[in-house]
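Engineer: No letters, just coordinates:
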């Protein structure tokens, strides 16, 4: 499989800034039907990410999104193999990776994007191994 992250990622990335309110980011996520929003500074540099899971619980909609964003963000280059992306997601138990190119946010790759790739290949299970026909023969 030679698919690259850029082949699968969602390019229509919706971002927000750290000073925006939690309510604003929640509305953006609902309006755009996305599960994660990268948080960037005024120069477009990645500062964090907010996922739908961050919005669960007792969060005050008027608080700045910087109070709930995850600032340890896993990124992956656009031209990296999807197998690398899958390994990072599995090893860190995350469902989204921010895709970068030349230190800029250019997309988001989700676990659903990876599942779409698997689905497209229509993998077929291998048959179970058969018993050896050489039963009872010994090698010396």
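Structural biologist: Happy to help now that I have it. Because the structure is a prediction, the values reported are computed rather than measured.

Engineer: separation between the residue nearest to the spatial centre of the chain and residue 8?
Structural biologist: The residue lying closest to the centre of the chain (C-alpha atoms, centre = their mean) is residue 96, at 1.9 Å. Between residue 96 and residue 8 the computed distance is 12 Å (C-beta to C-beta, to the nearest Å). Glycine gets a C-beta too; all of them are placed from N, C-alpha and C.

Engineer: Residues that sit against both of the two, list them.
Structural biologist: Common neighbours of residue 96 and residue 8 (criterion: C-beta atoms under 8 Å, 6 or more residues apart in numbering): residue 109.

Engineer: about what we covered before: tell me, how many neighbours does the residue nearest to the residue nearest to the centre of the chain when sequence neighbours are not counted end up with?
Structural biologist: Closest residue in space to residue 96, ignoring its immediate chain neighbours: residue 36 at 4.3 Å, by C-beta to C-beta, 6 or more residues apart in numbering. Counted with other C-beta atoms under 10 Å, residues neighbouring residue 36 total 23.

Engineer: From what I see, residue 36 and residue 50 are in contact.
Structural biologist: Yes. Here residue 36 lies in contact with residue 50, judged by C-beta atoms under 8 Å, at a distance of 7.0 Å.

Engineer: Give the residues shared as contacts by these two.
Structural biologist: Joint contacts of residue 36 and residue 50 (C-beta under 8 Å, 6+ apart) do not exist.

Engineer: Name the surrounding residues that touch the helix-or-strand element of the chain with minimal mean pLDDT.
Structural biologist: When each helix and strand of the chain is scored by mean pLDDT, DSSP states H and E, helix 111-121 comes last, with a mean of 83. Residues outside helix 111-121 that contact it (C-beta under 8 Å, 6+ apart) are 1, 3, 8, 9, 10, 82, 85, 86, 89, 95, 96.

Engineer: so which of those is the most crowded?
Structural biologist: residue 85 (25 neighbours).
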